[in-house]
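Asker: take a look and give me a structure for this.
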Amino acid sequence: VTNSYVERLKAEGNTVEANKAQISGLRDQQDKLKQVYNKQVEELKKLKSAEGDNSEAISKQNVRINETATRIAHATSEIKDLREQTGKRPETGLFSGITSKLDSVTDKAERANGLFEKIVGAHLVAYGITNAFQAITNHISAAVDAGMEYDQEQQKMGAVWLTLTGSSGAASAMVKTINDLSVKTGQATDTVNELEQGFYHLHSSKTESDELTKSMLNMADAVGLDSQQIQAVTQDMVNGLSRGTASNGMLNQISQYFPMFRENLAKYETQVNHGKEVTVADLKGMAMAGKISASDIENVFNQLG
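Answerer: Presented below is the predicted three-dimensional model:
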């Protein structure tokens, strides 16, 4: 239905409204996909509890989670592109009414045998004022729309965190932290929110999810990752850390984004083994033997961040 409505608007030449309708449909899709993602993560936890870490069912569930995260990222990218295409917004509200009245005055003046035009070029002044009001209307309309959209995002974010934490106070604290980190790091609020949610699923601890989120944002800034890359590596980490021990595949995935990770992990494992030197080459065998714990990964990650 949304797609047919968008096509109709485009056919009628109303590109701006078509883009807005498409954005609305994509945001609904995002919300549903995020609900699916959360349910898939919960199902993964149940599978691990029932079947251990190496079953085929767990592998398939990880694939489903990755596919859902990919669809969310694509929807986010499409929304961003559509917002950039939308450009100036149509005139609405009070100032649009004032503009139309001024246009009407100008039209009448032009029809009055040039009399109004002869009086100190008043019709030119009126035309200039009309253009000024058009510009003001565009900016105010954009600001109002942005404010309403921001409020809706904040409400949705608060509702999700209320479900996760079970407390309105804890939910408000999480939302405040997410907004603060977004401002400090320059990352979009939804990107920071996704990080916090992913890490919160590991331990249900605000302190630990905040620390990992800050580390991820700092390291991503250091190596120049974009929002999609940040979400991808976070998904890899959450999936790996939820198993309790690090796999070699997980180390490869993290190192793909953060080349300095393996070297620092080797140094950390050397300290944990009371001075017995662990080299980067040793990490593969240790991971295969289940000797690198999830907490080791988190500690190294937080040290780097």
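Asker: for residue 194, give me its contacts.
Answerer: Counting by Cβ atoms under 8 Å, 6 or more residues apart in numbering, residue 194 touches 231, 234. For the C-beta atoms, the positions are set from N, CA and C on the backbone; glycine is no exception.
Asker: and it, what element?
Answerer: helix 189-203 (DSSP states H and E).
Asker: so how far is that helix off the chain centroid?
Answerer: The chain centroid and the centroid of helix 189-203 are separated by 10 Å under Cα atoms, centre = their mean, to the nearest Å.
Asker: do stretch 294-305 as well
Answerer: For stretch 294-305, the distance to the chain centre is 24 Å (Cα atoms, centre = their mean).
Asker: quick one: contacts of it?
Answerer: So stretch 294-305 is contacted by 202, 208, 211-212, 214-219, 237, 240-246, 250, 254, 258, 260-261, 264-265, 268-269, 272 (Cβ under 8 Å, 6+ apart).
Asker: what subset of those residues is buried?
Answerer: 202, 211-212, 214-217, 219, 237, 240-243, 245-246, 250, 254, 258, 261, 265, 268-269 (16 or more other Cβ atoms under 10 Å).
Asker: contacts only, for residue 185.
Answerer: Residue 185 touches 192, 217-218, 221, counting by Cβ under 8 Å, 6+ apart.
Asker: where's residue 70 relative to residue 162, distance?
Answerer: Going from residue 70 to residue 162 by Cβ to Cβ, to the nearest Å gives 27 Å.
Asker: actually residue 69, sorry about that
Answerer: Distance from residue 69 to residue 162, by Cβ to Cβ: 23 Å.
Asker: those two: which is more packed in?
Answerer: Legend: neighbour count by other Cβ atoms under 10 Å for residue 69 and residue 162, higher for residue 69 (24 against 17).
Asker: quick one: pLDDT of the residue nearest to the more buried one when sequence neighbours are not counted?
Answerer: Nearest residue to residue 69 in three dimensions, chain neighbours excluded: residue 235, at 4.9 Å (Cβ to Cβ, 6 or more residues apart in numbering). Model confidence at residue 235, expressed as pLDDT, equals 86.
Asker: residue 235 touches residue 70, doesn't it?
Answerer: No: assessed by Cβ atoms under 8 Å, residue 235 is found out of contact with residue 70, at 9.0 Å.
Asker: which of those two has more residues huddled nearby?
Answerer: residue 235 (23 against 15).
Asker: relative to residue 197, how far out is that one?
Answerer: Counting by Cβ to Cβ, the gap from residue 235 to residue 197 is 11 Å.
Asker: same thing with residue 257?
Answerer: 19 Å.
Asker: so for the two, which sits in the more crowded spot?
Answerer: residue 197 (23 against 19).
Asker: check contacts around the more buried one.
Answerer: For residue 197, counting by Cβ under 8 Å, 6+ apart, the contacting residues are 38, 160, 164.
Asker: which element, helix or strand, includes the closest residue in space to residue 44 that isn't next to it in sequence?
Answerer: Distances taken as Cβ to Cβ, 6+ apart place residue 61 nearest to residue 44, at 4.8 Å, with adjacent residues excluded. Using DSSP H and E, residue 61 sits within helix 56-86.
Asker: between that helix and helix 189-203, how many degrees?
Answerer: 160 degrees (axes from the mean of the first three to the mean of the last three Cα atoms, to 10 degrees).
Asker: which parts of helix 56-86 are buried?
Answerer: 58, 61-62, 65, 68-69, 72-73, 75-76, 78-79, 82, 86.
Asker: closest to residue 29 out of the residues you listed?
Answerer: residue 75 (5.4 Å; Cβ to Cβ).
Asker: contacts for stretch 252-272 next, please.
Answerer: Contacts of stretch 252-272 (Cβ under 8 Å, 6+ apart): 219-220, 223, 225, 229, 232-233, 236-237, 240, 251, 276-280, 282-283, 286, 292, 296-297, 299-301, 303-304.
Asker: centre of the chain versus it, how much separation?
Answerer: On Cα atoms, centre = their mean, the centre of stretch 252-272 falls 27 Å from the chain's centre.
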